[in-house]
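>>> All I have is the shape, not the residue letters:
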């Protein structure tokens, strides 16, 4: 079993809390749809699935997601291929967090986090003070989220159903471009392994 530790971590937890806070409407600046973020991994999901996946009879995406462990979605080999060290995996389920954090070898920055949320979809994220671009990750509608002021952080949130999403955060990557590249690569690796509706 993968090594996991429990801890509260400042910046990423604050960002998760801000972006996952309850809100009645999405705020922020929506821009044009960008290119699809492809996956270099074998796709195990039905490739015909696209757009905003609605719940289908017999498929409970939120329940399936709630049974997943964020530190066990990707294999050690997949984490290593993304540039991160699987030995740095840290599990966090305190407060609004249910995620796994990874660092580069030697504990160096950047920090990458895979966050699971089965109680609200991407349209319920509080995106005040963020710029939002709608993209596709594999077959799934997603959001690329960055701060309106220059930063070295990026978030990719993947829409799974009307009440579930997965977000990948990358912090301290030097530039927002580097952060988004790492977040998109991670989201593309995670996407084929996520539950989704059947049609």
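Received, thanks. Keep in mind the model is a prediction, meaning the values are calculated, not measured. Numbers count the residues shown, from 1 in each chain.
>>> Show me which residues of the helix or strand hosting residue 177 are buried.
Using DSSP states H and E, residue 177 maps to helix 176-190. Within helix 176-190, the residues that count as buried by 16 or more other C-beta atoms under 10 Å are 176, 179, 180, 182, 183, 184, 185, 186, 187, 188, 189, 190. Every C-beta, even on glycine, is put in place using the N, C-alpha and C of the backbone.
>>> Within its sheet, name the partner strands of the strand or helix carrying residue 157 and how each one runs.
Here residue 157, judged by DSSP H and E, is contained in strand 154-161. Strand pairing for strand 154-161, determined by DSSP bridges: strand 140-147 (antiparallel), strand 164-171 (antiparallel).
>>> which regions of the protein lie under the pLDDT threshold?
By pLDDT under 70, the low-scoring segments of the chain are 1-58, 198-199.
>>> Show me the helices in this structure, by range?
10-20, 61-66, 76-81, 176-190 (DSSP state H).
>>> nearest to residue 128, of those?
Closest approach to residue 128 among the helices of the chain is made by helix 10-20 (8.2 Å; C-beta to C-beta).
>>> Counting by contacts, list what the longest strand belonging to the chain packs against.
Looking across the chain with DSSP state E, the single longest strand is strand 108-117. Secondary-structure packing of strand 108-117 (3 or more C-beta pairs under 8 Å, 6 or more residues apart in numbering; DSSP states H and E): helix 10-20, helix 61-66, strand 99-104, strand 164-171, helix 176-190.
>>> Can you add distance to residue 148 and give these back as JSON lines?
Shown next, in JSON lines, are the helices and strands packed on strand 108-117 (distance: least, C-beta to C-beta, whole Å):
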{"stretch": "helix 10-20", "distance to residue 148": "13"}
{"stretch": "helix 61-66", "distance to residue 148": "30"}
{"stretch": "strand 99-104", "distance to residue 148": "24"}
{"stretch": "strand 164-171", "distance to residue 148": "17"}
{"stretch": "helix 176-190", "distance to residue 148": "11"}
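>>> So for residue 144, which of the ones you listed sits nearest?
Between residue 144 and the helices and strands packed on strand 108-117, the shortest gap by C-beta to C-beta is with helix 176-190, which sits at 6.3 Å.
>>> which other residues reach the closest one?
Residues outside helix 176-190 that contact it (C-beta atoms under 8 Å, 6 or more residues apart in numbering) are 37-41, 73-74, 78, 81-83, 110, 112, 114, 137-138, 142, 144, 146-147, 150-156, 158, 166, 168-171, 173.
>>> Can you flag the buried ones in those?
37, 39, 41, 73-74, 78, 82, 110, 112, 114, 137-138, 142, 144, 146, 152-156, 158, 166, 168-171, 173.
>>> Quickly list what the residue nearest to residue 88 when sequence neighbours are not counted is bridged to.
Leaving aside its sequence neighbours, residue 88 sits nearest to residue 103 (C-beta to C-beta, 6 or more residues apart in numbering; 4.3 Å). Counting by DSSP bridges, residue 103 forms beta bridges with residue 85, residue 111.
>>> No further questions, thank you.
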